[in-house]
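1. Task: produce atomic coordinates for the following.
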Amino acid sequence: MSRDTAVLPHYFSRSLLDVLPSAVSALGVDGWDNPLGLPPAPAYVVFLIDGLGWNLLRNHPEEAPYLNSLTAACEPITCGVPSTTATSLTSFGTGLPPGAHGVVGFTSRIPGTDRLLDALRWDSRVDPREWQPHDTVFARARKDGVTVTTVSKRSFEGSGLTEASQRGAAFVGADTIGERISGAVGAAAEPTSLTYVYEGELDATGHRRGSASWAWSHQLAMADSFAARLRESLPDECALVVTADHGMVDVADEDRLDVDDEPELLDGVIVFGGEARFRHLYCEGGAVDDVAARWRERLGAAAWVVTRDEAVGEGWFGSVDSAVRPRLGDVIVASRSDVAVVSTSRFPHEAELIGLHGSLTADEMLVPLLLDAG
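-> Got it, this is the predicted structure:
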């Protein structure tokens, strides 16, 4: 299926990075903007369901009756570019676009090296506080008197991505749904509080089984029940916001371009990064135009192939800091149709995934902003 129009991010108006600042403002804290127009409340809980794109949600009303009941009163927002977890969670946690916070993809080049930073697993040689030096929304809100809490899997505590995106919040380790609801209810009992709850199983199921699978549908039903139970358990005066970090598309085996089978595509490419639907190509000096032309000829209308300067000029990453610029590919390949660019030798696990994301299609870029004010 062709998707002719790229969905560009609505940074600082209707995007994922606006959710937490708007919630802090709605708590009545002076000096914070509320571009999303969230209503006043003494406590906010923000529940982020990894991989729950707006289109996926709207296409599954029977599996997600509670969440779909909230869609009538809202419009979707955008995530950032690329539409991927590490980038989105850092934008969400910092209130900044990728060009400022610097987590510009699942994998991106560490400047001055030929190594890639895997932003989900991180790299012990990279200090997350140097890679992402800005205060998070959590840290700034805490300075302004807000009780801030993250409720998520125990294994995420202290990880590089957690430090980059959520430092400043008290961390409550909670591996089960029951633990997460309990942790959120306890945190939300505090006056002037902001609590973030993360759920990642829907995304994991989609990657492994595809978003068109029965497994994914059943997992969505579980996420819907989680959200409904969370709302029932929270105090009436606490506002609940449900959002997501990206959507997802399924890519068939025959629609995967494996660069291992076409090595000429990597002529002039020093480092092959990004992910299957959003590739960062880091090029030798003087090779950028040739690399871009070669990829445009190979993929045609199936992908947006742009140079770094073109992507920056079109606002894909927001305003780009000088330290962040070399982390972006010299050439960027963003899937336009249901295709993926893989390398079975470099990223064997990724090459096996069915559900993917990262690009600028509506299925990947649009995410819900659902409000249940009790």
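2. From now on I want contacts and neighbour counts done on CA atoms only, so please keep to that.
-> OK.
3. For the helix-or-strand element of the chain with minimal mean pLDDT, what is the distance to the chain centroid?
-> In the chain, no helix or strand scores lower on mean pLDDT, DSSP states H and E than helix 348-351, which sits at a mean of 96. Relative to the centre of its chain, helix 348-351 is centred 20 Å away, using Cα atoms, centre = their mean, to the nearest Å.
4. Just the C-alpha atoms of it, please, in PDB.
-> Extracted in PDB, the C-alpha atoms of helix 348-351 (Å, rounded to 0.1, in the frame of the first residue of the first chain):
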ATOM      1  CA  PRO A 348      20.000 -10.500  12.400                       C
ATOM      2  CA  HIS A 349      17.300 -10.100  15.100                       C
ATOM      3  CA  GLU A 350      15.800  -7.000  13.500                       C
ATOM      4  CA  ALA A 351      15.600  -8.800  10.100                       C
END
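5. my read: Asp144 touches Leu27, true?
-> No - contact between Asp144 and Leu27 fails when scored by Cα atoms under 8 Å: they sit 11.1 Å apart.
6. Touching, Val291 and His280? I think so.
-> No - using Cα under 8 Å as the test, Val291 is too far from His280 to be in contact (11.7 Å).
7. and for the two, which residues touch both?
-> Counting by Cα atoms under 8 Å, 6 or more residues apart in numbering, the shared contacts of Val291 and His280 are Val331.
8. returning to that earlier point: can you pull the buried residues of the least confident helix or strand of the chain?
-> 350-351 (16 or more other Cα atoms under 10 Å).
9. More neighbours: Asp144 and Leu27, which one.
-> Higher neighbour count among Asp144 and Leu27: Leu27, with 23 against 13, using other Cα atoms under 10 Å.
10. need the contact list for the more buried one.
-> So Leu27 contacts 40-44, 192-193 (Cα under 8 Å, 6+ apart).
11. Check Val259 too.
-> Contacts for Val259 (Cα under 8 Å, 6+ apart) come out as 265-266, 341-343.
12. hmm, 10 Å instead?
-> Neighbouring residues of Val259 by Cα atoms under 10 Å, 6 or more residues apart in numbering: 265-266, 272, 341-346.
13. Quick one: buried ones out of the residues you listed?
-> 266, 272, 341-343.
14. element containing Val81, please.
-> Under the criterion DSSP states H and E, no helix or strand holds Val81.
15. right, I mislabeled it, should have said Gly186
-> Counting by DSSP H and E, Gly186 is found in helix 177-188.
16. that older thread, what are the contacting residues of the least confident helix or strand of the chain?
-> By Cα under 10 Å, 6+ apart, the list of residues contacting helix 348-351 reads 207-208, 253, 256-258, 275-276, 340-345, 356.
17. same thing but at 7 Å, please
-> 342-344 (Cα atoms under 7 Å, 6 or more residues apart in numbering).
18. Next: stretch 94-113.
-> 11, 17-18, 21, 80, 82, 84, 86-87, 90-91, 115-120, 131-132, 134-137, 165, 273-275, 317-321, 324, 326-328.
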